[in-house]
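Student: sequence? don't have it. structure:
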């Protein structure tokens, strides 16, 4: 390391003098250079993932990789341990992504298994543990420590379960959705609060959204309403703003709504996806939300993106390596990571 010559430095009052009395040089090894800029550019992070889904007769184990801050087509990252359709996504820390449940084509059954993969290096899914019950097409959310899964299909139990992302093992009971709510999609998260933005009753989708405090177990509470009730939607977020994208109303929807995560209240119109679709997935950084896959009912490989802090219609990002619905999504820089 070299030395830095210290002369006089003018302070805020306008006076000048030596920085430290009796010290004229300081080694640069005494200083730590801190990275600057948004979180997604630090330490090589900024990755988004889309995985699984189906395009009959095919079901997929594929994991696709994108760089959220740029645009372009996805690339192959690896494969999950099974071909999952409707596996719960959106649960990840800054290093590890979890993919849970879904319909397994090989066993023709809805499963309890949870896979994990390390997002910094290409590779396949590894066994993590099991959900508390077999679930398909359900919502997930997380901060850097804990992941929460909401509701279950086809049991329609309304159960909330949780995992500690850094530690392999089966999920445990977290609480329940509001009485009458049986399933959820569209997970949104900050470091402390998670929102399920696609609530379903046994009679169908409703506009109500529900939130939990991620750090403490307990039942969900009402947050506010979407502009129109829908399920099979995708959710993503910065640390402060959440987006609910597309879904089924029961008509196909291209609507994007947004909320301020810290403030209870109804969602507000943000803009529209490039096409009305359901059963796609999303991932995000602190600045950008990305939506991939879904069905119009033609299954898509399309990827859209928006700038979360503004409002407006989505723009083309690129394409996945395959077209499918029932896709899951994860990232290493989502809103729950701060």
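Tutor: Nice, I can see it. The structure presented is a predicted model; accordingly, all values stated were derived computationally and were not measured. Numbers count the residues shown, from 1 in each chain.

Student: neighbouring strands for the helix or strand hosting residue 197, and are they parallel or not?
Tutor: Assigned by DSSP states H and E, residue 197 belongs to strand 193-201. Strand pairing for strand 193-201, determined by DSSP bridges: strand 183-189 (antiparallel), strand 204-205 (antiparallel), strand 208-213 (antiparallel).

Student: Residue 271: which of those is closest?
Tutor: Nearest to residue 271, of all these, is strand 183-189, at 16.3 Å by Cβ to Cβ. Where C-beta positions appear, they are placed from N, C-alpha and C, glycine not excepted.

Student: how far does the closest one sit from the chain's center?
Tutor: Counting by Cα atoms, centre = their mean, to the nearest Å, strand 183-189 is centred 9 Å from the centre of its parent chain.

Student: Near residue 132, how many other residues are there?
Tutor: 18 (other Cβ atoms under 10 Å).

Student: can you start the count at 303 instead of 1 from here on
Tutor: Got it, the first residue is 303 from now on, which makes the last one we talked about residue 434.

Student: ok now do it, which residues does it touch?
Tutor: 414, 461, 463, 472, 473, 474, 475 (Cβ atoms under 8 Å, 6 or more residues apart in numbering).

Student: Can you name the residues bridging to residue 369?
Tutor: For residue 369, the beta-bridge partners are residue 349 (DSSP bridges).

Student: Can you give me the distance of it to residue 612?
Tutor: Distance from residue 369 to residue 612, counting by Cβ to Cβ, to the nearest Å: 21 Å.

Student: where's the residue nearest in space to the middle of the chain, which helix or strand?
Tutor: The centroid of the chain falls nearest to residue 392 when counting by Cα atoms, centre = their mean (3.6 Å). For residue 392, the host element (DSSP H and E) is strand 390-394.

Student: hang on, isn't the residue nearest to the centre of the chain packed against residue 445?
Tutor: No. The pair residue 392 and residue 445 does not pass the contact test of Cβ atoms under 8 Å, sitting 11.5 Å apart.

Student: Identify the contacts common to these two.
Tutor: In contact with both residue 392 and residue 445: residue 491, using Cβ under 8 Å, 6+ apart.

Student: Could you list the low-pLDDT ranges of the stretch 303-452 of the chain?
Tutor: Confidence mapping of the stretch 303-452 of the chain against pLDDT under 70 gives the ranges 303-346.

Student: go again using 90 as the cut-off
Tutor: The stretch 303-452 of the chain contains residues with pLDDT under 90 at 303-347, 389-392, 407-408, 439.

Student: Next: the stretch 453-602 of the chain.
Tutor: 453-459, 482, 485, 504-506.

Student: which residues of it fall in strands?
Tutor: Assigned by DSSP state E, counting those that start in this stretch, the stretch 453-602 of the chain shows strands spanning 461-466, 474-478, 485-491, 495-503, 506-507, 510-515, 523-527, 536-539, 543-550, 554-562, 570-574, 583-586, 590-594.

Student: Can you get me a residue count around residue 435?
Tutor: The number of residues packed near residue 435 is 15, by other Cβ under 10 Å.

Student: ok, now which ones touch the nearest residue to it once chain neighbours are set aside?
Tutor: Excluding its sequence neighbours, the residue lying closest to residue 435 (Cβ to Cβ, 6 or more residues apart in numbering) is residue 454, at 5.5 Å. Residues near residue 454 by Cβ under 8 Å, 6+ apart: 433, 435, 436, 437, 440, 460, 461, 484, 485.
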